[in-house]
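Everything below, folded, please.
(one chain, ligands or ions: 2)
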Amino acid sequence: MQFEPVLTKGIGKVDLTNIDVYEAQGGYQALRKALTSMEPQAIVEEVKKANLRGRGGAGFPAGVKWGFLPNDGRPRYLTVNADESEPGTCNNRTLIYANPHQLIEGIIITAFANRITQSFIYIRGEFKRGAEILMKAIEDARKKGYVGQNILGTGFSQEITVHRGASAYICGEESALLNSLEGRRGEPRVKPPFPAVVGLYGCPTIINNVETISNVPHIVKNGWEWYTKITANPSNPKSCGPKLFTVSGCVQRPGNYELPMGVTLREVIETAGGLRPGRKLKAVQPGGSSTPMLTPEHLDVPMDFESVAAAGSLLGTAAVIVYDDTVDLVDVALYWTRFYSHESCGQCTPCREGTHWLERVFARIKAGGGTEGDLKMIADMQTQMAGTTICVLSDAAVTFPVSLLKLFPEELERYINRVKEVRPA
Ligand code: NAI
Ligand code: SF4
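Ligands and ions are numbered 1, 2, ... in the order given. Got it, this is the predicted structure:
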């Protein structure tokens, strides 16, 4: 489809890690505009009107989140969540590696708008090169007067610290991330209080995803009205803007594709080259491993937060995982349950025990030793694991098994009682 990229403009054509190239493409103009001609509150209002929804998975409106910061004189922090770990998701990686200045510009504007004292980028351990790219970009921006003390002579100052995580999935959960940043065990905190009120070092903290913050310079530069017009589904004004879709699995050209919000699932898959010749679509997880499957009847669903939810799943991180008719979904279930079992932090019994049980059940089913009782148990585990724990990892772990049971029970049933058939008593 015809679409002028916004967040990935120039990537693959010019070297946007070079600050001069970034400036030549209009970079840092939004920062100049924000700091020299806008009031902080006006920027918050602009982002609210643009209806910038958080791109980390939950889709919470960024401007509304910013509005939760209490005005009580405590220091305020901004933490950019670059711990991208949701299986199937790698859009932040592209934005960090190929366009770091866009993120830095977004951070400084967000910090100015919210009277932030200090910013952090919490980046996943595996993105070692990404951390190096960011640190170099911050130093290049400092030399040009965009970062540090008295930015552009406006009196506003901001430091950005890059902090590498240690590759635990749970540290992408915002409160676990804060604990990790403070040097504690990366375990989620009970919410409320939300980080906006009690966050880093007990102070008000904004946590936004890399892609969310990367949108901010474009909204400031072009205005909220321009932003809200970026959609392929104008009938839904609640979701808009450019969106990076990470397409993986059974497509011909897996990768990151920037498309307008509301583009159909069919168009996303076609943009990634479609299925391999002779293959049929079986199912799609539209927003990463934590999201229920959609089926071929959903190909014309617009990929925006509301439409995907109405179809029975979640847009999540827009990590579109495609399964064709050659995929054994029981294998996928075993793979995901093993992942969540490994990544559970262990604080909550339903998650610690449940993820482990699920993994064992799927390993047994796969080995041919499953029983009818296992199917009932998978259904029961949803009641026990979802909505009963400190964070949503537990909910996420049981999502795919339940989706499989609901949509493709025959895939499970063909493994049931197999051992008995082969070796009758
Ligand atoms: P959430 O819906 O609880 O919160 C979303 C955001 O809004 C948070 O920043 C939260 O602090 C804020 N918020 C919500 N209500 C608030 C209130 N009343 N006052 C102040 N702030 C409030 O979702 P959560 O647990 O933060 O994220 C779950 C999502 O993360 C899932 O949808 C999943 O798709 C995604 N995810 C993303 C990963 C990635 O690699 N990007 C990895 C794993 C999950
Ligand atoms: Fe830890 Fe799981 Fe509880 Fe989340 S739900 S806090 S990962 S034990």
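
residue contacts, the residue nearest to Thr246 when sequence neighbours are not counted?
Among residues not flanking Thr246 along the chain, Ala319 sits closest, at 4.6 Å (C-beta to C-beta, 6 or more residues apart in numbering). Any C-beta I mention is one placed from the backbone N, CA and C, and that applies to glycine too. By C-beta atoms under 8 Å, 6 or more residues apart in numbering, the contact list for Ala319 reads 86-91, 245-246, 248, 285, 287-289.

Next: Leu412.
Counting by C-beta under 8 Å, 6+ apart, Leu412 has contacts 330, 365, 370, 375, 404-405.

Could you dump those residues into TSV with secondary structure added?
As requested, the contacts of Leu412 are arranged in TSV below (DSSP: H, G, I helix; E, B strand; the rest coil):
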residue	secondary structure
Val330	helix
Ile365	helix
Gly370	strand
Leu375	helix
Leu404	helix
Leu405	helix
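
Would you mark the buried spots in stretch 132-150?
133-135, 137-138, 140-142, 146-148 (16 or more other C-beta atoms under 10 Å).

before we move on, what about stretch 379-394?
Neighbour-count burial for stretch 379-394 [16+ other C-beta under 10 Å]: 381-382, 384-386, 389-394.

Closest one of the residues you listed to ligand 1?
Val392 (5.1 Å; C-beta to the nearest ligand atom).

can I get the contacts of Leu412 in CSV with distance to ligand 2, neighbour count and pLDDT?
Shown next, in CSV, are these (distance: C-beta to the nearest ligand atom, whole Å; neighbours: other C-beta atoms under 10 Å; pLDDT from 0 to 100):
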residue, distance to ligand 2, neighbour count, pLDDT
Val330, 24, 19, 97
Ile365, 23, 24, 95
Gly370, 25, 24, 91
Leu375, 24, 18, 92
Leu404, 21, 22, 98
Leu405, 21, 19, 97
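
For the closest residue to ligand 1 within the stretch 1-150 of the chain, report the pLDDT, please.
Using C-beta to the nearest ligand atom, the single residue of the stretch 1-150 of the chain nearest to ligand 1 is Gly57, 2.2 Å away. pLDDT for Gly57: 95.

ditto for Lys420
Listed pLDDT for Lys420 reads 63.

picking up where we left off before, for Ala176, state which of the contacts of Leu412 is nearest.
Set against Ala176, the nearest of the contacts of Leu412 by C-beta to C-beta is Leu404 (27.6 Å).

Check the contact between the closest one and Asp331; I expect there is one.
No: counting by C-beta atoms under 8 Å, Leu404 does not reach Asp331; the two are 10.8 Å apart.

Contact distance from ligand 1 - what residues of the stretch 151-300 of the chain qualify?
The stretch 151-300 of the chain comes close to ligand 1 at residues 172, 174, 194-196, 207, 287-288, 290, as judged by C-beta under 6 Å from any ligand atom.

between those, which has the most around it?
Gly287 (28 neighbours; other C-beta atoms under 10 Å).

For ligand 2, see how far away the closest residue to that residue other than its chain neighbours is.
Using C-beta to C-beta, 6+ apart and skipping residues adjacent in sequence, the residue nearest Gly287 is Gly316, 2.2 Å away. According to C-beta to the nearest ligand atom, to the nearest Å, Gly316 stands 17 Å off from ligand 2.

Residue of the stretch 201-350 of the chain nearest ligand 1, please.
Nearest residue of the stretch 201-350 of the chain to ligand 1 (C-beta to the nearest ligand atom) works out as Gly316 at 3.7 Å.
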